[in-house]
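In: below is the structure, and that's it, no one-letter string:
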């Protein structure tokens with residue numbers, strides 16, 4: 001319950017921050033553009049948290065087959081989205097810190113200023129490449145001899161156990 005409340009507050013405050021930064025044209029072309037996209041990433045991350053953890057607990061607690069059907073239908077994509085945006089957030093923080101470093105040290109600061117959106121896009125693309133395949137790591141299958149909310153279960157997919165995926169992603173990522 002506490003985690004859901006904190007995640008909901010995170011969605012509200014990050015939405016507020018995004019709107020405030022978006023409405024002022026000066027912020028869209030300053031170093032705060034990283035913060036604006038970090039707020040978007042946190043909105044998706046908090047939303048994924050709400051859909052994954054509390055819904056799963058409520059599904060079990062109330063023995064709700066409706067919640068179970070919904071949860072199992074979106075579980076794979078929400079786990080993938082959460083991991084993509086965790087990575088995106090980390091890359092955006094690194095990009096903002098690197099830009100701050102080159103600005104302070106007077107090293108080619110014009111490069112970062114003119115290419116912020118490209119850097120943000122690259123952070124997102126790298127995160128999708130690194131974490132996107134997680135969607136294919138798990139399969140939702142019927143749970144033998146079980147009914148109700150336990151009628152489905154998640155197992156590792158054949159794809160996740162095959163080479164070169166197993167070596168390249170599971171071991172190195």
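Out: Received the coordinates, thanks. As the structure is a prediction and not an experimental result, all values here were calculated from the model. Residues are numbered from 1 along each chain as shown.

In: show me the helices in the protein, by range?
Out: 2-23, 25-28, 33-62, 65-104, 109-114, 116-131, 158-161, 165 (DSSP state H).

In: out of those helices, which one sits most buried?
Out: Among the helices of the chain, the stretch with the highest mean neighbour count (mean count of other C-beta atoms under 10 Å) is helix 33-62, at a mean of 19. C-beta: built from backbone N, CA, C; applies to glycine.

In: how far off centre is that helix?
Out: Remark: helix 33-62 is offset 8 Å from the chain centroid, using C-alpha atoms, centre = their mean, to the nearest Å.

In: please work out the average pLDDT along it.
Out: Helix 33-62 carries an average pLDDT of 92.

In: packing partners for it?
Out: Applying 3 or more C-beta pairs under 8 Å, 6 or more residues apart in numbering; DSSP states H and E, one finds that helix 33-62 contacts helix 2-23, helix 25-28, helix 65-104, helix 116-131.

In: I'd like these as JSON lines, with mean pLDDT and distance to residue 37 appended.
Out: Shown next, in JSON lines, are the helices and strands packed on helix 33-62 (pLDDT from 0 to 100; distance: least, C-beta to C-beta, whole Å):
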{"stretch": "helix 2-23", "mean pLDDT": "93", "distance to residue 37": "9"}
{"stretch": "helix 25-28", "mean pLDDT": "77", "distance to residue 37": "11"}
{"stretch": "helix 65-104", "mean pLDDT": "91", "distance to residue 37": "6"}
{"stretch": "helix 116-131", "mean pLDDT": "92", "distance to residue 37": "5"}
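
In: any idea which of those gets closest to residue 155?
Out: helix 65-104 (11.8 Å; C-beta to C-beta).
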